[in-house]
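Engineer: would you be able to build a 3D model of this:
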Amino acid sequence: MTGMYWEEWEIGAELESPARTITEADIVNFAGLSGDYNPLHIDEEFCKTTQFGTRIAHGPLIYAIAAGLMFQLHLYDDTLIAFLGFDSLKFTKPVVAGDTIRVRIKVLEKRETSKSDRGVMKRQLQVFNQRDEMVQDAVQAFLLQRRPD
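Structural biologist: Residues are numbered from 1 along each chain as shown. Coordinates of the predicted model:
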């Protein structure tokens, strides 16, 4: 399967991912994988005393799952050269175990590069929970292959 070439991405185009429920196992496993044992993620009794009232998911965990949800759409198969980074990444609301997230992207801009076989595409990535509340908002840049002649 081949993903979308740089030319196929239209400014203003929007796409949405499938949804996925965040589990307690996701949060615990991410703490172990990352080494981030902040009490906000692993100590339920401590969290009862916070504004959240319960443990919250790590922001980078939610981004990682969001990225995976988007890659399930196969938009970049064989056409993605590199993820160039974030212009911004904001965590706007907490996510807790049991929340179900989905991702919406919108193409913001495209530009050619000095090499004719590739181009840069910037997109907005927004993550929403089951209540349609935005929980993350990012602007990202990707280096994509251009359609071969």
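
Engineer: from here on, contacts and neighbour counts on C-alpha atoms
Structural biologist: Fine.

Engineer: quick one: name whatever helix or strand follows the longest helix belonging to the chain.
Structural biologist: As far as residue count goes, and with DSSP state H defining each element, the longest helix of the chain is helix 59-71. Scanning forward in sequence from helix 59-71 by DSSP states H and E, the next helix or strand is strand 80-91.

Engineer: in that following strand, what counts as buried?
Structural biologist: Judged by neighbour count using 16 or more other C-alpha atoms under 10 Å, the buried positions of strand 80-91 are 80, 89, 91.

Engineer: do stretch 3-18 as well
Structural biologist: For stretch 3-18, by 16+ other C-alpha under 10 Å, it's 3, 4, 5, 6, 9, 16, 17.

Engineer: in strands, which of the residues you listed fall?
Structural biologist: residue 16 (DSSP state E).

Engineer: coming back round to it: which one of the buried residues of strand 80-91 is nearest to residue 39?
Structural biologist: Residue 39 has its nearest neighbour among the buried residues of strand 80-91 in residue 91, at 17.9 Å by C-alpha to C-alpha.
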